[in-house]
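Undergrad: need a structure here:
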Amino acid sequence: RACVEPIFAYFRLVLYLRPEISAQISKKTRIPNRADRTFVKNGYSRTGSTLGKKPQKKVIAQQIEQVYPQAVTQSTSAVPDIYKPAAIKNGWVQLKTDLKQGQRVRIMTPDKEDIYEVLQVIEGQFRIDLDTDADKAFVYGRQVKDFRSVDYDAISMLNVSATQALYQQQETDRKNAAALAQKVAEMESSAGRREAQISTMEARIAALEKLLNATK
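TA: The predicted structure is shown next:
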């Protein structure tokens with residue numbers, strides 16, 4: 001039973017996953033290459049991120065949390081759900097977003113990077129508590145209290161444990177199959193002997209019948 005539990009844990013994780021996009025990180029796109037199709041075909045789900053120079057393949061934390069919660073931690077952090085450049089003048093960020101008053105947003109300027117509260121929102125811009133103007137600022141995204149991080153080392157170790165358990169199970173199945181094949185061979189051999197005995201008896205009966213017919 002001990003060797004089977006890692007398999008159940010790992011494949012519960014694999015079979016649960018579905019190709020949905022994370023609810024918190026919406027700026028994600030599927031990357032349709034052969035490896036991605038193979039990954040999805042085998043029951044995994046991952047997102048392709050275009051947020052950097054190199055595409056990244058990641059699993060979805062909300063899904064992992066449902067079946068392997070020890071691999072997911074929650075914290076307060078900003079998510080890249082806006083990820084656009086903008087200018088800031090008199091505390092007004094010149095960018096159309098769906099931010100609401102009271103929310104907090106991570107913004108980078110040439111001078112610093114910080115989390116700011118949204119004080120006011122009007123069409124095409126929102127105001128924060130920042131006195132310095134910036135022609136080249138960058139709005140990373142809003143701050144959330146339930147930001148989830150995945151411990152990929154934990155998932156990798158689960159994969160290793162499951163692989164080891166699968167190998168042990170495979171060896172057991174191989175031995176059982178060999179034993180079953182041996183039993184089948186023995187049964188076939190025994191059946192062959194019985195058929196030979198029946199044939200011999202039939203031949204004897206035929207000979208007796210012939211002898212009886214000859215004496216009449």
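
Undergrad: mind checking the longest strand of the chain?
TA: Criterion DSSP state E: the longest strand present in the chain is strand 134-150.

Undergrad: Direction included, what does that strand pair up with?
TA: Using DSSP bridges, strand 134-150 pairs in its sheet with strand 72-78 (antiparallel), strand 84-89 (antiparallel), strand 104-108 (antiparallel).

Undergrad: what's next to the longest one, contact-wise?
TA: Contacts with strand 72-78, where a contact means Cβ atoms under 8 Å, 6 or more residues apart in numbering, come from 61, 64-65, 104-106, 115, 140-151. Yep, even glycine has a C-beta here, placed from its N, CA and C like the rest.

Undergrad: Hmm, T97 is touching Y83, no?
TA: No: here T97 does not reach Y83: they are 10.7 Å apart, not a contact under Cβ atoms under 8 Å.

Undergrad: Mind listing the shared neighbours of these two?
TA: Common neighbours of T97 and Y83 (criterion: Cβ under 8 Å, 6+ apart): V139.

Undergrad: Could you check which of these two is surrounded by more residues?
TA: Set side by side, T97 and Y83 show more neighbours around T97, with 20 against 14, by other Cβ atoms under 10 Å.

Undergrad: picking up where we left off before, wait, which of the strands paired with strand 134-150 is closest to A203?
TA: strand 72-78 (76.7 Å; Cβ to Cβ).

Undergrad: if we can go back for a sec, mind giving me the packing neighbours of the helix or strand just after the longest strand of the chain?
TA: Of the helices and strands lying after strand 134-150 in sequence (DSSP states H and E), the nearest is helix 152-215. Judged by 3 or more Cβ pairs under 8 Å, 6 or more residues apart in numbering; DSSP states H and E, helix 152-215 is in contact with helix 5-16.

Undergrad: Just give me how far stretch 175-184 sits from the chain centre.
TA: Distance, stretch centre to chain centre, for stretch 175-184: 36 Å (Cα atoms, centre = their mean, to the nearest Å).

Undergrad: now do stretch 151-170
TA: With Cα atoms, centre = their mean, you get 14 Å for stretch 151-170.

Undergrad: Show me the shaky parts of the protein.
TA: For the chain, the stretches flagged by pLDDT under 70 are 1-57, 216.

Undergrad: Kindly recompute the last result at 80.
TA: Applying pLDDT under 80 to the chain flags residues 1-59, 213-216.

Undergrad: and stretch 80-95, how far apart are its ends?
TA: 15 Å (Cα to Cα, to the nearest Å).

Undergrad: Stretch 84-98 now?
TA: Per Cα to Cα, stretch 84-98 runs 13 Å from first to last residue.

Undergrad: For that stretch, which outside residues touch it?
TA: With contact meaning Cβ under 8 Å, 6+ apart, stretch 84-98 is reached by 82, 107, 109, 119, 123-139.

Undergrad: Weed out the non-buried ones from those residues.
TA: 82, 107, 109, 125-128, 130, 134, 137-139 (16 or more other Cβ atoms under 10 Å).

Undergrad: Between those, which sits nearest T200?
TA: I82 (90.6 Å).

Undergrad: Tell me if I'm right that the closest one and A137 touch.
TA: No: at 11.6 Å, I82 does not count as touching A137 under the criterion of Cβ under 8 Å.
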